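K.L.:
using only what follows, build the 3D model:
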Amino acid sequence: MLRAAVLSLVGTACVLSGSVMASSTVITTVAPQSSLDASYPYFTELLEQILQVTAPSHGPYELHFADIAMTQARALREVAQGNIIQVYWAGTNSDRERDLQAIPIPLLKGLLGYRIPVIRTADVGKWAEIQNVEDLQSLVACQGDSWPDSDILEAAGLPVERISSFAVMYTMLAGRRCDYFPRGIHEVFPELAEARLERPELVAFTDLIIYYPFPMYFFVPLDRADLAQRLTSGLELLIESGWFEYNLRQHPTLQDVHAMRGWSNAHIIELPNDFLSDTININDAKYWITPEQFRSGTW
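P.N.:
Numbers count the residues shown, from 1 in each chain. Purely as a prediction, here's the structure:
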């Protein structure tokens, strides 16, 4: 019933979006960062769905993709300028929400903050002994040089090797430039499947999860209130219809996440995130999966 209703709504929107192309809202977003950018389809398809279901209220659209790959830092700069791209998705912090217009609805219900360390197979025994933050302080994490994750880990006293290019991070881990690469549970398995084609010595250490509150938002330029309102309306519509939750559970990118419901023995190390604004209530089940829900498998 839900799927039929959603398809009917999408079909109506698609007809409308193609009917008056001369007055279409033109929106451009990013290309994948690399072949390892496994979560890219989830976000681009979500964006497309939002634009489709808001076509009746906000008019037709054209969604384009930039013809060059961008680092996260560059993509955010380009969104701020609004020329090459006008929409991007990223983990948030107060600085990003100052420089850009955030759509304060978490795109993954907080799953971005549940991190599984990718490590070298030879180090599995050492990782089996990790129990707390103090144990992690002897290990170096690979992270993006401008990612909020780097700030969160460093604020918790954890050493970080900041790297400018996502495409080389798994290579640097294999080359012992760092000890682990903490990846979101929605991205780690498809990424690792690709990375292991060249680096078979890497493995996801699923007995341990590092958690910090970390919403993933869409961002648009500060002067695009029209686009911000459209994305907000579309997301709320998808949430209220049940499509958002359905997609979160059924999308191929996230299929491995739900296997974790049975991983009640995974040890979770929680870190604070002092870089968040007050845009999100992380105890609201409509938008968020808490560690308690995650542990119990009730989400």
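K.L.:
next, count neighbours for Arg120.
P.N.:
By other C-beta atoms under 10 Å, 19 other residues sit near Arg120. (Glycine included, C-beta is placed from N, CA and C.)
K.L.:
quick check: mean pLDDT across stretch 242-251?
P.N.:
Per-residue pLDDT over stretch 242-251 has a mean of 93.
K.L.:
now do it: distance to the chain's middle.
P.N.:
15 Å (C-alpha atoms, centre = their mean, to the nearest Å).
K.L.:
list the buried residues for that stretch?
P.N.:
Residues of stretch 242-251 classed as buried by neighbour count (16 or more other C-beta atoms under 10 Å): Trp243, Phe244, Asn247, Leu248, His251.
K.L.:
for the stretch 151-299 of the chain, what spans make up the strands?
P.N.:
With DSSP state E, counting those that start in this stretch applied, the stretch 151-299 of the chain shows strands at 160-163, 181-184, 202-204, 208-211, 216-220, 267-270, listed in chain order.
K.L.:
quick one: closest of those strands to Glu78.
P.N.:
Nearest to Glu78, of all the strands of the stretch 151-299 of the chain, is strand 216-220, at 10.6 Å by C-beta to C-beta.
K.L.:
for the closest one, packing partners?
P.N.:
Using 3 or more C-beta pairs under 8 Å, 6 or more residues apart in numbering; DSSP states H and E as the contact test, the elements touching strand 216-220 are helix 72-81, strand 88-91, strand 101-103, helix 225-241.
K.L.:
of the buried residues of stretch 242-251, which belong to helices?
P.N.:
Using DSSP state H, the members of the buried residues of stretch 242-251 that fall in helices are Trp243, Phe244, Asn247, Leu248.
K.L.:
would you turn the buried residues of stretch 242-251 into a markdown table with distance to Asn132?
P.N.:
As requested, the buried residues of stretch 242-251 are arranged in a markdown table below (distance: C-beta to C-beta, whole Å):
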| residue | distance to Asn132 |
| --- | --- |
| Trp243 | 40 |
| Phe244 | 35 |
| Asn247 | 35 |
| Leu248 | 30 |
| His251 | 34 |
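K.L.:
and of these, the nearest to Leu111?
P.N.:
For those, the nearest to Leu111 is Leu248 (8.2 Å; C-beta to C-beta).
K.L.:
could you double-check that the closest one lies in contact with Leu108?
P.N.:
Yes. With contact defined as C-beta atoms under 8 Å, Leu248 reaches Leu108; the gap is 7.3 Å.
K.L.:
on that earlier part again, quick one: which of the buried residues of stretch 242-251 is nearest Ile130?
P.N.:
Leu248 (29.1 Å).
K.L.:
ok so, going back, which one of the helices and strands packed on strand 216-220 lies nearest to Asp274?
P.N.:
strand 88-91 (14.2 Å).
K.L.:
give me the helices and strands touching that closest one, please.
P.N.:
Packing partners of strand 88-91 (3+ C-beta pairs under 8 Å, 6+ apart): helix 72-81, strand 216-220.
K.L.:
paired strands for the shortest one, with orientation please.
P.N.:
The pairing partners recorded for strand 216-220 under DSSP bridges are strand 88-91 (antiparallel), strand 101-103 (antiparallel).
K.L.:
and the shortest one, how far out from the chain middle?
P.N.:
The gap between where strand 101-103 is centred and where its chain is centred comes out at 15 Å by C-alpha atoms, centre = their mean.
K.L.:
look up how far Leu208 lies from the residue nearest to Ile209 when sequence neighbours are not counted.
P.N.:
Of all residues not flanking Ile209 in the chain, Ile268 sits nearest, at 4.8 Å (C-beta to C-beta, 6 or more residues apart in numbering). To Leu208, Ile268 is 8 Å away according to C-beta to C-beta, to the nearest Å.
K.L.:
out of the two, which sits in the more crowded spot?
P.N.:
Leu208 (21 against 12).
K.L.:
so His58 makes contact with Thr232?
P.N.:
No. Look at His58 against Thr232 with C-beta under 8 Å: they stay out of range, at 10.9 Å.
K.L.:
dump the residue contacts of Leu47.
P.N.:
Contacts here follow C-beta atoms under 8 Å, 6 or more residues apart in numbering; on that basis Leu47 touches Thr29, Leu63, Val87, Trp89, Phe218, Leu231.
K.L.:
that one falls within a helix, correct?
P.N.:
Yes. Per DSSP: H, G, I helix; E, B strand; the rest coil, Leu47 lies within a helix segment.
K.L.:
per-residue pLDDT of it, please?
P.N.:
On the pLDDT scale, Leu47 gets 98.
K.L.:
state the distance from it to Asp99.
P.N.:
For Leu47 relative to Asp99 (C-beta to C-beta), the value is 20 Å.
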